[in-house]
Structure formats: structure tokens, C-alpha cells
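Novice: Take this sequence and fold it.
(one chain, ligands or ions: 2)
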Amino acid sequence: MSLPVLTAVTDAEWESELVAALDSGDHGVTIVRRCVDVADLLAAASTGTARAVVLSADLRRLDREVLSRLQAARVGVVGLVEPGDVAAEHRLRQLGVRHVLPSDAGAAVVAESLVRAGGVADPDEPPDKPPEPELSGPGRVVAVWGPTGAPGRTTVAVAVADEAARLGVPTLLIDADVYGGVVAQVLGILDESPGVAAAARADNQGELDVAALARLARAVNPRFRVLTGLSRADRWPELRPDPVRGVLERARALVALTVVDCGFCVEEDEELSFDTAVPRRNGATLTVLEEADIVVAVGAADPVGIQRLVRALSDLADRLPGIQPRVVVNKLRAGVVPGDPAGEVAGALRRFAAVQRIDTLPYDRAALDRALAGGLTLGEAVPSSPLRQALTRLAAELAGVPAEAGPRRRS
Ligand SMILES: Nc1ncnc2c1ncn2[C@@H]1O[C@H](COP(=O)(O)OP(=O)(O)OP(=O)(O)O)[C@@H](O)[C@H]1O
Ligand SMILES: [Mg+2]
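Specialist: Ligands and ions are numbered 1, 2, ... in the order given. Okay, here's the model as predicted:
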């Protein structure tokens, strides 16, 4: 049976030759459409009539998003590069294209790769190149998440990253809040452009390697880097799931610990969920939660905060059942809940959300005000405060190091 294929080749002359050669010979492929651009290609792929496409590396608007839509439509990809164009080949491979050929490879070779990419090859046959090495490094990813109502996600994420770095762990803090990131302000960084958007864009173009990520992440100190967030909430479409996943992969290779300040929401947009190609605001948050090694769920220690936390934990269990979040109850204080606040909060979470273990962080407005006013971390501004000390212990556990290890000063 002949494999139905698409073409999206930019060089018109060469495209006609290739099409003629593929169609005339007995190469086991049939061209069902010659696409003129990416939009045409995606439309043709979505009809389900083709199993593979041969496309040029320099096809305009070819990025990770397009390739994941082709993958979702079960269309295998063969990329063509100018002979000797190493940069183009590298970019295609970075984007996940496994079958890359020089454009002068000849119709028979192209057809053979199309058959492999289309998934009808002998399963025992090796691919034309060995698969790319696993990109994930050994670094750990911690997602800091929680319900609406500003329970203290950013406060916890910034402090955990800073304290882990002070404990000697090379750390990257990523502000991935799609409802407007404020990490740059909290750290007193003058930020012209969001690092997280630049990193996601570079990944989408197949241009994000570990060195590029290191360039885009601002160094607060040699062990503490920051990818600043989208200060304008309406820029959320710049953080799509696939590029966010790519950024996390590179982050694992760059540092031992990546801490991500997430948005609060995990709901799916019901009306849009029938169309997998439509961007969803919470897609980036869900991706971070899925990819993370540890999810920290932050809630506020008052009746409203606990009710929201219980609700959020149940939503999380519905959407991503495999995740066992580590629950941190912040702003713990007497007065707002009766009796012993820690015991009351722990009891409520055990009864209503089956949470067996919580960490608590004390309410300390004065300490945070001092830090915020100077654009400093708690470790710099108020090192002896109980809130800071509780956060140091939490950071050590999340980073997997002893709380007393390593240098404790900003270097
Ligand atoms: N332990 C604490 N004691 C006192 N105030 C706190 C504590 N933790 C956080 N806050 C304050 O609560 C407010 C909200 O904190 P933060 O910005 O960290 O929350 P968030 O969950 O990231 O909110 P958002 O939804 O805006 O992203 C800030 O003013 C912060 O200083
Ligand atoms: Mg926040």
C-alpha cells in the first residue's frame, strides 16, 4: 500500500522535481497535496488524509507548535536542509525532527525516510539516525502552586530558591505565572523584557540550548538565576505548554534545582477543550505541574484560605490524579482560627482533603515589608526572622540537602 504524503518544500524548482520523481517511481508513496505554507500544511494534516510530510527547514513559521500539531495529527515529518547547512539541521533536531536529509538526497532516499516517519517501516529497522540523547538532566523541578487569593506562592517560591542557593545548590527561579508575574519586582530587578517569554520563544524556534537559557536567566548571584515573568497578564499566549516543557528540560540540565512560581488555576476552558490546537491559558501551569518532581501547594491559614486550598487540592486531583502535592500553610497566626492554629489547620486539612502532613509558615508582615521595601530576599533583609528560618528548612528539604550545608551568605 502506498503511503499518502504531503510536501511543503520552499524551493519551487526543486519541489517540482521531487514531486515528479516521487510520483513516477515505485517508491511506495503518493503525494496527496503540495502545501504552499504552514497554514496550508496544518489544514491538510488535520483532515487525516496524509501519514507523512516532507518539508524544508526554512519553511516560514515552522516551529515546535507546528510540529506538535503535526504529531497530534499523526503525520510523520522528514526535514530537508541545504547540503552542509549544519545550523539548520541542528535546529530541526532541536525541534524534535528525527528524519533530516540534505535536499539533494534523491527521491528514493526521501521516500524511504517518509515511509519510516509515517510509521509503516519494519519496526525492527533502526531509524536513519540514532535518536537524540535524552535532554533531561538530573536537576530537580519544584512547582510552587496554590489557590486564588494570594496565599503566598511568590513569597514561598522566591525564598525557597534564594535559600537553596545559599545552601550551595545552583538554582533557577522561573516566574511562570500566566496571570501576571511579579518576581522581578520582588527581587528589585529592573526588567525590560520577560526572560521566560524569551526562553519559550527560543525553544519554539529550536534555538534554546543550555547556554542560551543561561544567557536569558538573570544572575542574582553566581548560584541563583531568575527567568523573569510576564508582567502583563494579556501576554499569556506566549507561554504555551510545549515550549514551557522545553524550557524545563534545559533548566534540569543547567541547574540542580529549578523552582517555578505557577499561576493558580488548573481549570480547562470547557468550550475550547474540543479543539486541541486552541491555546489555553492554564496549559503552561498544567505542564509545569505535570513535569515537576515536587508540587508545593501553598494555602493561607485562615478559614477562607483553607476552604480555597481544600477546593484547589480536589481540582488538582481531578485534573492530574498522579500528583501528591506537598502542602504548605502560610501566614499561620493566632486569632483568625480558634485555639492552637497549627493543630486546627492540620485537623481541617486531614478531615476535608485527606492531607496527612503539612508544613506551616508563620505570619510575619514586618519581615516581608522590610524585604519588599528594599527589593531584597528574606535571607538578606531579615535573616533571623522565624519566617525566614522556616523557609530555609523547607528549601533544604525540597532541594534534598541538609539545612546547615554549604555557604550561607550571598556570594
Ligand atoms: N508569611 C507571611 N506573612 C505575612 N504576609 C505574607 C506572608 N506570605 C505572604 N505574605 C504577603 O501576602 C501577599 C501575597 O503574597 P504573594 O504575592 O507571595 O502571593 P501569591 O500567592 O503569589 O499571589 P498572586 O495571586 O498575586 O500571585 C504579599 O503582600 C505578601 O507579602
Ligand atoms: Mg504570585
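
Novice: and the closest residue to ligand 2 within the chain, how far is that from Val260?
Specialist: Relative to ligand 2, the nearest point of the chain is Thr154 (3.3 Å; C-beta to the ion). Yep, even glycine has a C-beta here, placed from its N, CA and C like the rest. Distance of Thr154 to Val260, computed by C-beta to C-beta, to the nearest Å: 11 Å.

Novice: Ok, Gly152 next?
Specialist: 15 Å.

Novice: Between the two, which has more neighbouring residues?
Specialist: Val260 (32 against 23; other C-beta atoms under 10 Å).

Novice: For that one, name its beta-bridge partners.
Specialist: In this structure, Val260 bridges to Ala143, Ile174 when assessed by DSSP bridges.

Novice: give me phi/psi at Pro83?
Specialist: Per-residue torsions, Pro83: phi -50, psi 130 (degrees, to the nearest 10).

Novice: Give the burial count for it, as a bare number.
Specialist: Here the number of neighbours of Pro83 (other C-beta under 10 Å) works out to 10.

Novice: Find the nearest non-adjacent residue to it, please.
Specialist: Pro102 (4.1 Å; C-beta to C-beta, 6 or more residues apart in numbering).

Novice: what do you get for Pro237?
Specialist: Of all residues not flanking Pro237 in the chain, Pro279 sits nearest, at 5.1 Å (C-beta to C-beta, 6+ apart).

Novice: rewinding a little: how close does the residue nearest to Pro83 sit to Ala39?
Specialist: Noted for Pro102: a distance of 27 Å to Ala39, by C-beta to C-beta.

Novice: wait, what's in contact with Ala334?
Specialist: Counting by C-beta atoms under 8 Å, 6 or more residues apart in numbering, Ala334 touches Pro341.

Novice: where does it fall, helix, sheet strand or coil?
Specialist: Under DSSP: H, G, I helix; E, B strand; the rest coil, Ala334 falls in the coil class.

Novice: go on, Arg69?
Specialist: With three-state DSSP as the basis, Arg69 sits in helix.

Novice: How about Asn330?
Specialist: Three-state call for Asn330 (three-state DSSP): strand.

Novice: Next up, the contacts around it.
Specialist: Contacts for Asn330 were tallied using C-beta under 8 Å, 6+ apart; they are Pro151, Gly152, Thr155, Val156, Val298, Gly299, Ala300, Ala301, Thr360, Leu361.

Novice: pLDDT score for the residue lying closest to it once chain neighbours are set aside?
Specialist: Nearest residue to Asn330, sequence neighbours excluded (C-beta to C-beta, 6+ apart): Gly152, at 4.0 Å. Gly152 carries a pLDDT score of 98 in this model.

Novice: picking that back up, could you report the neighbour count for the residue of the chain closest to ligand 2?
Specialist: Using other C-beta under 10 Å, Thr154 is surrounded by 22 other residues.

Novice: repeat for Glu163
Specialist: Glu163: 27 neighbours (other C-beta under 10 Å).

Novice: Reduced to three states, what does the residue nearest to it when sequence neighbours are not counted come out as?
Specialist: Spatial nearest neighbour of Glu163, excluding adjacent residues (C-beta to C-beta, 6+ apart): Ala395 at 3.6 Å. Counting by three-state DSSP, the backbone at Ala395 sits in helix.
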